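Novice: sequence and predicted structure, then a few things I'm wondering about:
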Amino acid sequence: HTFTLGWITAAMMGVMYRYVPALTKRPLRFPRLASLQLWLFIIGAAGMVTHFAIGRWIATWLAAGVVVLSVALFALNMLPCLIPSWRRGVAERGMSAAIFFLLIAAVLGLLLALDKTFGFLGGSVITNLAGHAHLAALGWVSLTICAVSYRMVPAFLLPGVELPRAATWQLYGLAVAVAGLGLALLGGIGGAPIWSIAVMVALLAYVVVLGALVRNRQMPIDWTMRHALAGVVHLVLSAGLGLSLTWIDTGSALGNGVAGAYGVLGLLGWVTNFIVGMSYQLFPGFIAGLRVTAGWPRLSIAELSLPRFRPFVFFSLNVGVLLLAAALIAADVLLARLGALIIATGGLVYVTVMARTLSYAYRPAVPRAANHPLRILR
């Protein structure tokens, strides 16, 4: 939850607050609730992480309730923008469905925490947790990434072909497959392997659509797209491992290793690659716009970025993820530690660089390069 709530969900919510109103050309319905939603999210997520760590279940489900309230307020601002634009574009449809999955996953997480105190849920703990995790990771996170990338990738690459109608059906297929998988896991009704295959087919369809856009591009591949393409490779590997878990005993040593590798490839390899890559394009642009609104000295996207660190972040993240995933499957502790250390090093460099970029949204100062006498602001 430190990772999935603190990093992935927080980053995605922040991007959507800026991206959705611009995409739909509709202002937030309740802008004053955004600050309250943010603080509730921070308090709830921090409370969950802390009390998970010390095993205080009453405090955990109280914090989970705060997260559910925060998610509901987030949906209250996003859905009035997205639903009226449902027929307008593929991104609007995908993000709308993803927010409903986020709500379901949040409520289910609260129920799982309450069950630790009151013991009212049926089924096994493993399948219930798997249902919660897959509704969040596939229904909320992956569906959002697929939807957003269908708008952003064409904008970055300017492909010579239009986005095919198959993109819309891919999102519908993924949403239905995730819902079926969640019901199969939570209800104990069987069919999880079938729905897992359906999820994999939907994700592979996403890879095919994205591949067509990349092959017909008119713009060069930059570090944003390198991260996106590396994420696609990890997505394929993760989908294969996820499918294998329907036949491998997850209670065995091999099953534990495959499950760990599945999570690493999905959350670090696929999701994190996409967020890091898109942040290179989106975050400086958001900040440049905020500074104009605040009346502060203008800065270009180039002045807000430090691109020289991007190769190191890219290679450390992807090499570390592959090493860690392989080590988990092979039960090699030393290799796992090496992979984790490489990932952590790249992550710390990324965090440091991006913190410097984001800081200019909160202070009127300018980088030293912006004071150069030959500076040209585009």
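Specialist: Nice, I can see it.
Novice: contacts only, for the closest residue to L317 other than its chain neighbours.
Specialist: Spatial nearest neighbour of L317, chain neighbours left out: G346 (4.7 Å); criterion: C-beta to C-beta, 6 or more residues apart in numbering. To be clear about C-beta, it is placed using only N, CA and C from the backbone, and glycine gets the same treatment. By C-beta atoms under 8 Å, 6 or more residues apart in numbering, the contact list for G346 reads 312-317, 320.
Novice: hmm, 7 Å instead?
Specialist: 312-313, 316-317, 320 (C-beta atoms under 7 Å, 6 or more residues apart in numbering).
Novice: how about L210?
Specialist: 149, 153, 232.
Novice: if we use 10 Å, what do you get?
Specialist: Counting by C-beta atoms under 10 Å, 6 or more residues apart in numbering, L210 makes contact with 146, 149-150, 153, 157, 167, 170, 228-229, 231-232, 235.
Novice: where exactly do the helices run in this protein?
Specialist: Secondary structure of the chain (DSSP state H): helices at 10-24, 32-54, 57-82, 90-118, 125-134, 143-157, 166-187, 192-215, 223-244, 253-263, 273-294, 301-304, 310-330, 333-359.
Novice: ok, the contacts of G346 vs A336, which is closest?
Specialist: Using C-beta to C-beta, G320 comes nearest to A336 of the contacts of G346, at 10.4 Å.
Novice: thought the closest one was touching F312?
Specialist: No. In this structure G320 lies outside contact range of F312 using C-beta atoms under 10 Å: 11.6 Å.
Novice: which residues are common contacts for those two?
Specialist: 345-346.
Novice: got any ranges where this protein has weak pLDDT?
Specialist: For the chain, the stretches flagged by pLDDT under 70 are 369-378.
Novice: and the helices of the chain as JSON lines, adding distance to T2?
Specialist: Output for those, formatted as JSON lines (distance: least, C-beta to C-beta, whole Å):
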{"stretch": "helix 10-24", "distance to T2": "11"}
{"stretch": "helix 32-54", "distance to T2": "5"}
{"stretch": "helix 57-82", "distance to T2": "13"}
{"stretch": "helix 90-118", "distance to T2": "14"}
{"stretch": "helix 125-134", "distance to T2": "15"}
{"stretch": "helix 143-157", "distance to T2": "20"}
{"stretch": "helix 166-187", "distance to T2": "23"}
{"stretch": "helix 192-215", "distance to T2": "25"}
{"stretch": "helix 223-244", "distance to T2": "20"}
{"stretch": "helix 253-263", "distance to T2": "13"}
{"stretch": "helix 273-294", "distance to T2": "15"}
{"stretch": "helix 301-304", "distance to T2": "27"}
{"stretch": "helix 310-330", "distance to T2": "17"}
{"stretch": "helix 333-359", "distance to T2": "13"}
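Novice: mind checking the ones you listed for the one nearest to H1?
Specialist: Counting by C-beta to C-beta, H1 lies closest to helix 32-54 out of those; the figure is 5.4 Å.
Novice: which strands or helices does the closest one pack on?
Specialist: Judged by 3 or more C-beta pairs under 10 Å, 6 or more residues apart in numbering; DSSP states H and E, the packing partners of helix 32-54 are helix 10-24, helix 57-82, helix 90-118.
Novice: rerun that using 7 Å as the cut-off
Specialist: If you count contacts as 3 or more C-beta pairs under 7 Å, 6 or more residues apart in numbering; DSSP states H and E, helix 32-54 packs onto helix 57-82.
Novice: who are the packing partners of the helix it packs on?
Specialist: Helix 57-82 packs on helix 10-24, helix 32-54, helix 90-118, going by 3+ C-beta pairs under 7 Å, 6+ apart.
Novice: most tightly surrounded among the ones you listed?
Specialist: Among the helices and strands packed on helix 57-82, helix 90-118 has the highest mean neighbour count (mean count of other C-beta atoms under 10 Å), at a mean of 21.
Novice: from the chain's centre, how far out does that helix sit?
Specialist: 14 Å (C-alpha atoms, centre = their mean, to the nearest Å).
Novice: over to stretch 192-210?
Specialist: The answer for stretch 192-210 is 18 Å, by C-alpha atoms, centre = their mean.
Novice: that'll do, ta.
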